[in-house]
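> Below are the sequence and a predicted model for it; my questions follow.
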There are 2 protein chains.
Amino acid sequence: MSEPIPLDTCAVRLVDPERVAAVRERMPGPEQAQQLARVFHVLAEPARVRIVTALLEAGELCVCDLAATVGMTEAQTSQHLRVLRAERTVRNRRDGRMVYYALDDGHVRMLMDVALAHVSHDDRES
Amino acid sequence: MSEPIPLDTCAVRLVDPERVAAVRERMPGPEQAQQLARVFHVLAEPARVRIVTALLEAGELCVCDLAATVGMTEAQTSQHLRVLRAERTVRNRRDGRMVYYALDDGHVRMLMDVALAHVSHDDRES
DNA sequence: CCAACATCTTGAGATCTGCGCAGATGTCCT
DNA sequence: AGGACATCTGCGCAGATCTCAAGATGTTGG
């Protein structure tokens, strides 16, 4: 404890201390990094990816249809939707006793597209 | 295996079975969802986000400079670099006893930009 | 060859998260 | 109001993984 990470003091040997300081200035701070990590963390689960991709196709679905689409129990789906809602990824609309979910953020589609392009590269060195 | 998720049998009531079937057809399958989740999982840690953003700024850094930049121990940095390398996110170049790391994929910058735009929105209705 | 250095790996401990089940909440139909 | 239905939440367990510390690996210089 005490001083886990001194910001200015560098006890270890550095090859290029100037560049380290410069990059440190320009890169996002710890708080912003944590926000970014949280965004990705929401999509870091296959179950939630399937929910999101299903909503990308369907536009809007109730929980029971969504559960059937992704092949999970409704309770499980609901729990993942809670996580997605916490990050403003989906929004919910109540109609009677049903609750319809849809994507709330246009960025999600871009994230999925970029990630899909990444995995579609598929340059596995055989 | 056995049969965790029956694809055709739907024991629960569905509101719109046709749409469920249609969305099921067009959405990515379980394997692709897992690949997508793995991509996001790599970036779902603040430590790795900081490593990646540091490399976005610096272009290339050795492990000790990288550790100093993100404020972690070298062992910890090395371990996260291993995860990043497993997903083809970074590449390493050995020069003597130093190992220099750089981003290997152009998609990462797009992912970071989109995620940054998402968190910068910050339209929390207070 | 041996010592010093940069990096990598391994193991134990702690934390987090998803899954499955049961019960709670809220809404509609009669 | 009472019952049925759709959805949500709480708890316990299993699995993954982050952190920390120490040793192992590989490379350079004398």
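Right, received. Where do you want to start?

> hang on, A:P28 is in a helix, isn't it?
No: with the criterion set as DSSP: H, G, I helix; E, B strand; the rest coil, the secondary structure at A:P28 is coil rather than a helix.

> hang on, isn't it packed against A:L36?
Yes: under the contact definition of C-beta atoms under 8 Å, A:P28 touches A:L36, with a separation of 7.3 Å. Any C-beta I mention is one placed from the backbone N, CA and C, and that applies to glycine too.

> Please say which of the two ends up with more neighbours.
Set side by side, A:P28 and A:L36 show more neighbours around A:L36, with 26 against 19, by other C-beta atoms under 10 Å in any protein chain shown.

> Please enumerate the strands of chain A.
Counting by DSSP state E, chain A has these strands, from start to end: A:61-62, A:90-95, A:98-103.

> mind giving me JSON lines with the ones you listed and columns for mean neighbour count, distance to B:T53 and mean pLDDT?
Formatted as JSON lines, the entries for the strands of chain A read as follows, by neighbours: other C-beta atoms under 10 Å in any protein chain shown; distance: least, C-beta to C-beta, whole Å; pLDDT from 0 to 100:
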{"stretch": "strand A:61-62", "mean neighbour count": "24", "distance to B:T53": "35", "mean pLDDT": "96"}
{"stretch": "strand A:90-95", "mean neighbour count": "14", "distance to B:T53": "27", "mean pLDDT": "95"}
{"stretch": "strand A:98-103", "mean neighbour count": "18", "distance to B:T53": "26", "mean pLDDT": "97"}
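
> As a markdown table, those with distance to B:V23 would be great.
As requested, those are arranged in a markdown table below (distance: least, C-beta to C-beta, whole Å):
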| stretch | distance to B:V23 |
| --- | --- |
| strand A:61-62 | 8 |
| strand A:90-95 | 15 |
| strand A:98-103 | 13 |
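
> how about the CA coordinates for the longest helix along chain A, as PDB?
When every helix of chain A is counted residue by residue (DSSP state H), the longest turns out to be helix A:107-121. Below are the C-alpha coordinates for helix A:107-121, written out as PDB (Å, rounded to 0.1, in the frame of the first residue of the first chain):
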ATOM      1  CA  HIS A 107     -22.900   3.200 -31.300                       C
ATOM      2  CA  VAL A 108     -23.600  -0.400 -30.500                       C
ATOM      3  CA  ARG A 109     -24.200  -1.200 -34.100                       C
ATOM      4  CA  MET A 110     -20.900   0.300 -35.100                       C
ATOM      5  CA  LEU A 111     -19.100  -1.600 -32.300                       C
ATOM      6  CA  MET A 112     -20.600  -4.800 -33.500                       C
ATOM      7  CA  ASP A 113     -19.700  -4.100 -37.100                       C
ATOM      8  CA  VAL A 114     -16.100  -3.300 -36.300                       C
ATOM      9  CA  ALA A 115     -15.800  -6.300 -34.100                       C
ATOM     10  CA  LEU A 116     -17.400  -8.500 -36.800                       C
ATOM     11  CA  ALA A 117     -14.900  -7.200 -39.300                       C
ATOM     12  CA  HIS A 118     -12.100  -8.000 -36.900                       C
ATOM     13  CA  VAL A 119     -13.200 -11.600 -36.400                       C
ATOM     14  CA  SER A 120     -14.100 -12.000 -40.000                       C
ATOM     15  CA  HIS A 121     -10.500 -11.300 -40.900                       C
END
